[in-house]
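Q: sequence and computational prediction follow.
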Amino acid sequence: MPASLLIVDDEKHTREGLQMALEDQYDVYLAANADEAFNLMESEKFDIVLTDLRMSGKSGMTVIDKALSLAQQPICIMMTAYGSVDTAVQAMKRGAYDFLTKPLNLEKLEILLARAQESETLKQENTALHERLDKKYNFEKIIGNSASLNQVLDRVKLVAPSKATVLLQGETGTGKELVAQAIHQNSQRSRGPFLTVHCAALAPTLLESELFGHEKGAFTGATEKRIGRFEAADGGTLFLDEIGEIDASTQIKLLRFLENRTFERLGSTKQVKVDVRLIFATNRDLEQMVKAGAFREDLYYRLNVVPIVLPPLRDRKDDIILLMDHFIHEFSEENGLPPVAFSEGAKHVLKQYAWPGNIRELRNFCENIVVLKQGGSVTEYDLEPKFHSTGRGETEAMGSAAPLTLSKEENEKRLLRNALIQAKGNRTRAAEMMGISRRTLHRKLSQWPELDTLE
């Protein structure tokens, strides 16, 4: 897609002449003064701003200042009939890429614009590459040694270099977006963009516009043309999370794209073709949704080319402590606080917990502990009651075959455990609470050594 260019000049014939000369190569917008330029920059994202220096009203320097204050800074080029070394130096110091004097030489201008874009592209690619590496999206940075996780990673390593569409399935918080990032980072598209759309966060009409873009006047409030995520991700990867939430209309448009790799912006009949790899994710059972008539069967088979199911954390118990150590270190460094140590009793309790929120819940737990404890140690007594519960979460973890009643031995073991927790490890107090002697309590602890960590 062509780069967007804003030309700011109070001379009508100059700005319209430049538009005629450059509109074959660029998506050109015009402004007759600084205020018009400010309004356009509020509503549109520009790759390049070409502005005159001396204009009626505010000068071109204010246009450059405004452009360089934006979150996504465009390339700024100054032009003036009053060229001087001092003016050129001032414009460059403010952040202008280069400086041209009037009357403009169109050939030189075109060369300068092309060179500026190449320079900006290289800078963005370098920045994006470093950001992705800094964020540690490589496979080896996905924490865990469990068999279930290794099976997933083996499959991911096979699919990453291909062009295949991928469907990531798993409960909320299992790390689907992290895996999608790893697939992109280890593909031939790693230098291209990686964009994410959380489908459930947008209303159907907004989602369609977000994905495919729209033309000016396509609907009420569409005052300008907008490029959608499919076009913005051209040459890279588009990750569509919570794909099970999209409505029937968007399902049809998505199916058409998967069939011929083209789409239409809202309010347009023009076919747009892009080269985008799609990775989908869902925490819902799409196959059951197909049977219920809530999801198109033909779309399901189109996006389910390579299915990858991420295991819940309760099926990765051996990874819980590894992940916990990683997050504790991360948040300690981030907040400038000493790391927190966990007793063996605390680790045992945390490994038995079902973690219904999966890795996301564990990560939030670690951040909370680091901030509130600020160093020191965490014992089983410091953990919230939910971690000690063997009710709903533990029953779910055991499956539907879990017994509805406990044996006499299990009931006694649970009572002893709760007494030790309430007594904060004081065995004499725990024995009194249970109505047994301290000698009997010691005999029980030798019978159940896992409770002997509560000290």
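A: Good, I have the coordinates.

Q: and Arg277, how far from Gln124?
A: With the distance defined as Cβ to Cβ, to the nearest Å, Arg277 ends up 19 Å from Gln124. Placement of C-beta: from N, CA and C, glycine included.

Q: what does Tyr381 give?
A: Distance of Tyr381 to Gln124, given as Cβ to Cβ: 52 Å.

Q: hmm, back to that, ok, Arg277 and Gln124, which is more surrounded?
A: Legend: neighbour count by other Cβ atoms under 10 Å for Arg277 and Gln124, higher for Arg277 (22 against 13).

Q: could you pull up phi and psi at the more buried one?
A: Here is the backbone geometry of Arg277 (degrees, to the nearest 10): phi -90, psi 130.

Q: what does the pLDDT read for it?
A: As predicted, Arg277 sits at a pLDDT of 96.

Q: wait, doesn't Glu210 sit right on Gly228?
A: Yes - if you go by Cβ atoms under 8 Å, Glu210 and Gly228 touch, sitting 6.3 Å apart.

Q: show me the strands in the stretch 51-200 of the chain, by range?
A: Secondary structure of the stretch 51-200 of the chain (DSSP state E, counting those that start in this stretch): strands located at 75-80, 98-101, 166-169, 194-198.

Q: worst mean pLDDT among the ones you listed?
A: What stands lowest among these, in mean pLDDT terms, is strand 98-101, with a mean of 86.

Q: contact partners of that one?
A: Residues external to strand 98-101 that are found in contact with it (Cβ atoms under 8 Å, 6 or more residues apart in numbering): 77-81, 83, 87-88, 91-92, 108-109, 112, 116.

Q: dump those into TSV; add distance to Ile243 as well.
A: Listed next are the contacts of strand 98-101 as TSV, based on distance: Cβ to Cβ, whole Å:
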residue	distance to Ile243
Ile77	42
Met78	46
Met79	48
Thr80	52
Ala81	56
Gly83	55
Thr87	54
Ala88	52
Ala91	48
Met92	48
Lys108	49
Leu109	45
Leu112	44
Ala116	39
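
Q: which members of these define the maximum pairwise distance?
A: Greatest spacing in the contacts of strand 98-101, by Cβ to Cβ: Ala81 and Ala116 (21.3 Å).

Q: so between these two, which is more surrounded?
A: Comparing Ala81 with Ala116 by neighbour count (other Cβ under 10 Å), the higher total belongs to Ala116, at 19 against 13.

Q: quick check: mean pLDDT of the one helix or strand Phe38 maps to?
A: Counting by DSSP states H and E, the element that carries Phe38 is helix 34-43. Averaged over helix 34-43, pLDDT sits at 94.

Q: hey, C-alpha coordinates of it in CSV?
A: Provided in CSV are the C-alpha atoms of helix 34-43 (Å, rounded to 0.1, in the frame of the first residue of the first chain):
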residue,chain,number,x,y,z
ALA,A,34,-0.8,24.9,9.9
ASP,A,35,-4.2,24.7,11.5
GLU,A,36,-5.6,22.5,8.7
ALA,A,37,-2.5,20.3,9.0
PHE,A,38,-3.1,20.0,12.8
ASN,A,39,-6.6,18.8,12.2
LEU,A,40,-5.6,16.2,9.6
MET,A,41,-2.8,14.9,11.9
GLU,A,42,-5.4,14.4,14.6
SER,A,43,-7.5,12.2,12.4
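
Q: what subset of the contacts of strand 98-101 is buried?
A: 77-80, 87-88, 91, 109, 112, 116 (16 or more other Cβ atoms under 10 Å).

Q: reformat those as CSV; add distance to Thr220.
A: What follows is the buried ones among the contacts of strand 98-101, written out as CSV (distance: Cβ to Cβ, whole Å):
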residue, distance to Thr220
Ile77, 36
Met78, 39
Met79, 38
Thr80, 42
Thr87, 45
Ala88, 46
Ala91, 41
Leu109, 39
Leu112, 41
Ala116, 37
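
Q: list the buried residues for stretch 430-443?
A: 430-431, 433-434, 436, 441.

Q: do the same with stretch 32-52
A: Within stretch 32-52, the residues that count as buried by 16+ other Cβ under 10 Å are 32-34, 36-38, 40-41, 46-52.

Q: kindly report the same for stretch 184-196.
A: 184-187, 189-190, 192-196.

Q: ok, now stretch 302-322?
A: Buried, per 16+ other Cβ under 10 Å, within stretch 302-322: 302-306, 308, 310-314, 316, 319-320.

Q: and that stretch, end to end?
A: End-to-end distance for stretch 302-322: 37 Å, by Cα to Cα, to the nearest Å.

Q: what about it, distance to the chain center?
A: On the basis of Cα atoms, centre = their mean, to the nearest Å, stretch 302-322 sits 18 Å off its chain's mean C-alpha point.

Q: for Ile7, give me its contacts.
A: 15, 18-19, 22, 28-31, 50-51.
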